[in-house]
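A.B. asks: sequence and computational prediction follow.
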Amino acid sequence: MTLLFLLLGCPQIATPTDSSDPFADDQDGDGWTVEEGDCDDADRSISPGETELWYDGIDQDCDGNDDDADGDGVAVDKDCVDTDATIYPRADELCDGLDNDCDGDVDEGASGALEAWIDRDGDGYAADNAASIVYCDAAPPVGYSSVKGDCDDADTNIAPNQLETCNGEDDDCDGSIDEDAIDAPAWYRDRDRDTWGLAGDFVRACDAPDGFVADDTDCDDLSAAVNPGEPEVCDALDNDCNGMVDDDPVDGATVYLDADGDGHGDGATAFTGCATAGVTTDDDCDDTDATSWPGAPEACDGADNDCDGTIDNDIVFRDYYLDADGDGYGVAGATVNDCAAPAGYAGNNDDCDDASAAVSPADRELCNGFDDDCDGKVDTDAADASAFYLDTDGDGYGLAGDSETLCAADGDYSAELSGDCDDAESLVYPGAPELDDNADDDCDTLVDEDFVAAGDLVITEIARQPWMGGTSTETDAQWFEVYNNTADNLDLSGWTVTRTSAVGTDSFAIDPAAALVIPPGDVAVICATDLYDSLADADSTLTCDYTWIDPTMASTYTDAYVDNTFHLQRDADSLSLAADTLSVDTVTWDAAWPQGAAHAITLVGTIDATDNDDDANWAVDNTNVWWDGGSPHEYGSPGAAP
């Protein structure tokens, strides 16, 4: 009963519907509703979670695609491979060995593809017009090359990487044939066109250029008569280029070696050669000695110089003297008779000391107490002698013009210093103390200069260039007067007279030889020239005590001679006298001074070196006249003591 109940089933009992059940709208119970994307809710095998079964007309996964398995957007009936999304019509061709664009060609025009050209001879280069392919592999396919430029793709020995050889082909495909060929021989320049070239001057080429040959043994490429193929002739040239000149010449004669160069040969050395290679005579008796040959003068040398068979015949023998010190001079006594001086002998007996080589007639006399030059006198005219001056007063200074050259002082010739100005007075010599004795004690040309004071000599009258507004035609008619203002004689030897103006400074020294000495209270007139003191009709002649112009330079006062070194300017000048460095008196004047065209200017009033500095103490002198050849006379009182 129970079994029957089970077999018959239980009666259906109505179940209430739950609106919150999520699968209430899933008709096929596949877990997807239409709202969730089930495209066939009546078929449990169709839903978004199902696996697509391609090309069965059913969209199992509800994605709307049943005929594009690779998802490349092209249905299987249009796609040539529907399992690869990179393959479909008009797809980009890739370097992958596939026909990506379904046009039947593989990798053509692919991005990254390379082009190669057919290489028919397999030398790695293709012809410029060869057919090409593209490839995506690391290397071109066999039989192809990525490089063009082969100019003969049927010959593996011809390509751009080949070296050019001498074969008449363009091996390296550069458009030139046989240029710079590696097997090109050297061709040597043949300047003289004798078919022999000169080593070192060559080019390399497959064929000989014009003027080049294969030989390089020519030794003179400027002469066609000189090359290894030429015969040697006597012309002072190496015709056959064997390194020897005129050897075995075809035009030679029999000659002999002359080893000693004396012009005579050795008969045992005959050979055929040029005259310049030897000599034509064979009569030398000793070809190692240039002093021996027939006709040579016989010498005293132990040889048969004249080749007459006898040694040292016809030679003069003489005595030679022992020369023990080897100075070339012997002494009388020990002699040998020979035709030449033996060692240790000389041909003279003039030595006076054969124990010293420093003593002989050829040696210089020295101050050493020996007769060095064997003249029989000791120390005379010695090379190292000194000048000794005559010093009769024994003050150590001699007269400059009287000396002898001696090794030592001899009598009054005892002073080694010169410059004495009075060799009769031992207190007078250069550098001696100056004394107040009217003498030049220190020989400086100045007398008693250490005892002269400023103002001892006073300038008292001045005649300034009379021709400047005066009557004299001579520039040299000028003078000045000085007055001894002391109680002693004033010796002006060596004093300096100076004038200074805008035109310059000039000076002269009073020559000691003039012995210009002014007694106390007396004057001296110092003139440019004394040519005016002989004019008899002058009222007062110009008597000059000293002149500064050389009297030999003007013969008469009318000469146009002008002393250009010392002029007393009329308008402005300065006149001074100095003893050594001491200025004794100076007078300066300018255009404001008294002017007299024909007059000297005279100091009036007190006569001293202070008053003559004052212009007011100078006046025009019109007391006396002296005549200079002009008309009217010049005025002044030169030589008159004030």
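C.D. replies: Thanks, I have the structure now. Nothing here was measured: the structure is a model prediction, and the numbers come from that model. Residues are numbered from 1 along each chain as shown.
A.B. asks: quick one: low-confidence ranges for the stretch 401-550 of the chain?
C.D. replies: 465-476, 530-541, 550 (pLDDT under 70).
A.B. asks: give me the below-cutoff pLDDT ranges for the chain.
C.D. replies: Within the chain, the ranges that satisfy pLDDT under 70 run 1-24, 465-476, 530-541, 550-565, 597, 624, 626-633.
A.B. asks: in this structure, which spans are helices?
C.D. replies: Using DSSP state H, the helices of the chain run over residues 2-8.
A.B. asks: for the residue nearest to the spatial centre of the chain, which non-adjacent residue is spatially closest?
C.D. replies: The centre of the chain sits closest to G200, judged by Cα atoms, centre = their mean, with a distance of 36.8 Å. Computed as Cβ to Cβ, 6 or more residues apart in numbering, the closest residue to G200 that is not its neighbour in sequence is D216, at 7.9 Å. Bear in mind the C-beta positions are built from the backbone N, C-alpha and C, glycine included.
A.B. asks: number of residues surrounding the one you found?
C.D. replies: Residues lying near D216 (other Cβ atoms under 10 Å) number 18.
A.B. asks: so it touches A186, yeah?
C.D. replies: Yes - in this structure D216 lies within contact range of A186 using Cβ atoms under 8 Å: 7.5 Å.
A.B. asks: so what sits against both of these two?
C.D. replies: F202 (Cβ atoms under 8 Å, 6 or more residues apart in numbering).
A.B. asks: next one: D172 from C151, what distance?
C.D. replies: 9 Å (Cβ to Cβ, to the nearest Å).
A.B. asks: hmm, I typed the wrong one, I wanted A509.
C.D. replies: From A509 over to C151 the distance is 111 Å, taken as Cβ to Cβ.
A.B. asks: tell me who's in contact with the residue lying closest to D28 once chain neighbours are set aside.
C.D. replies: Spatially, and ignoring its direct neighbours in sequence, D28 is nearest to R44 (4.3 Å; Cβ to Cβ, 6+ apart). Going by Cβ under 8 Å, 6+ apart, R44 touches 28-30.
A.B. asks: ok, R44 to A463 distance?
C.D. replies: R44 is 170 Å from A463, by Cβ to Cβ.
A.B. asks: cool, G252 as well?
C.D. replies: In this view, G252 and A463 are 106 Å apart by Cβ to Cβ.
A.B. asks: dump the residue contacts of Q27.
C.D. replies: Contacts for Q27 (Cβ under 8 Å, 6+ apart) come out as 41-42.
A.B. asks: so what touches stretch 239-259?
C.D. replies: Against stretch 239-259 from outside (Cβ under 8 Å, 6+ apart): 196, 217-220, 225-238, 264-267, 269-282, 284, 287-288.
A.B. asks: now list the buried members of the residues you listed.
C.D. replies: 196, 218-220, 226-227, 230, 232-234, 237-238, 264-266, 269, 273-274, 277-279, 281-282, 284, 287 (16 or more other Cβ atoms under 10 Å).
A.B. asks: coming back round to it: which ones among the contacts of stretch 239-259 are found in strands?
C.D. replies: Using DSSP state E, 271-273 are the members of those that sit in strands.
A.B. asks: and of the residues you listed, the nearest to D68?
C.D. replies: G273 (114.9 Å; Cβ to Cβ).
A.B. asks: mind listing the residues bridging to that closest one?
C.D. replies: Per DSSP bridges, the residues bridged to G273 are A253.
A.B. asks: and G252 and A463? which has more neighbours close in?
C.D. replies: Using other Cβ under 10 Å as the criterion, G252 and A463 rank with A463 on top: 30 against 18.
A.B. asks: spatially nearest residue to that one (excluding sequence neighbours)?
C.D. replies: The nearest residue in space to A463 (Cβ to Cβ, 6+ apart) is A600, at 4.2 Å.
A.B. asks: what about that neighbour, how many neighbours?
C.D. replies: Counted with other Cβ under 10 Å, the neighbours of A600 add up to 25.
A.B. asks: same thing with I177?
C.D. replies: A total of 15 residues lie near I177 under the criterion other Cβ under 10 Å.
A.B. asks: ramachandran coordinates for it?
C.D. replies: I177 has phi and psi values of phi -110, psi 130 when expressed as degrees, to the nearest 10.
A.B. asks: surely it is in contact with T165?
C.D. replies: No - applying Cβ under 8 Å as the test, I177 and T165 come out as separate, 10.5 Å apart.
A.B. asks: returning to that earlier point: any idea which of the contacts of R44 is closest to A91?
C.D. replies: Set against A91, the nearest of the contacts of R44 by Cβ to Cβ is D30 (36.7 Å).
A.B. asks: the closest one contacts G37, doesn't it?
C.D. replies: No - between D30 and G37 there is no contact under Cβ under 8 Å: 11.2 Å.
A.B. asks: between the two, which contacts overlap?
C.D. replies: Residues touching both D30 and G37 (Cβ under 8 Å, 6+ apart): S47.
A.B. asks: neighbour count winner among those two?
C.D. replies: D30 (19 against 13).
A.B. asks: so what's that one up against?
C.D. replies: Contacts of D30 by Cβ under 8 Å, 6+ apart are 38, 41, 44-47, 49-50.
A.B. asks: bridge partners for S507, pull those for me.
C.D. replies: T498.
A.B. asks: my guess is it contacts V497. True?
C.D. replies: Yes - S507 lies in contact with V497 (Cβ under 8 Å); the separation is 6.2 Å.
A.B. asks: the two - which one has more neighbours?
C.D. replies: V497 (20 against 14).
A.B. asks: OK, contacts around the more buried one?
C.D. replies: 507-510, 526, 548, 566, 575-577.
A.B. asks: let's have these in JSON lines, adding distance to P594.
C.D. replies: Formatted as JSON lines, these follow (distance: Cβ to Cβ, whole Å):
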{"residue": "S507", "distance to P594": "26"}
{"residue": "F508", "distance to P594": "26"}
{"residue": "A509", "distance to P594": "30"}
{"residue": "I510", "distance to P594": "28"}
{"residue": "I526", "distance to P594": "21"}
{"residue": "W548", "distance to P594": "24"}
{"residue": "F566", "distance to P594": "23"}
{"residue": "L575", "distance to P594": "16"}
{"residue": "S576", "distance to P594": "20"}
{"residue": "L577", "distance to P594": "22"}
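A.B. asks: which among those residues gets closest to C300?
C.D. replies: Proximity of the contacts of V497 to C300 (Cβ to Cβ) peaks at A509, which lies at 74.2 Å.
A.B. asks: apart from its chain neighbours, what residue comes closest to that closest one?
C.D. replies: Closest residue to A509 apart from its sequence neighbours, by Cβ to Cβ, 6+ apart: T496 at 5.4 Å.
A.B. asks: how far away is the one you found from D511?
C.D. replies: Taken as Cβ to Cβ, the spacing of T496 relative to D511 amounts to 12 Å.
A.B. asks: ok, C80 next?
C.D. replies: In terms of Cβ to Cβ, C80 sits 144 Å off from D511.
A.B. asks: quick one, which of those two is more surrounded?
C.D. replies: A count of neighbours by other Cβ under 10 Å puts C80 above the other of C80 and D511, at 18 against 14.
A.B. asks: good, we can wrap up now.
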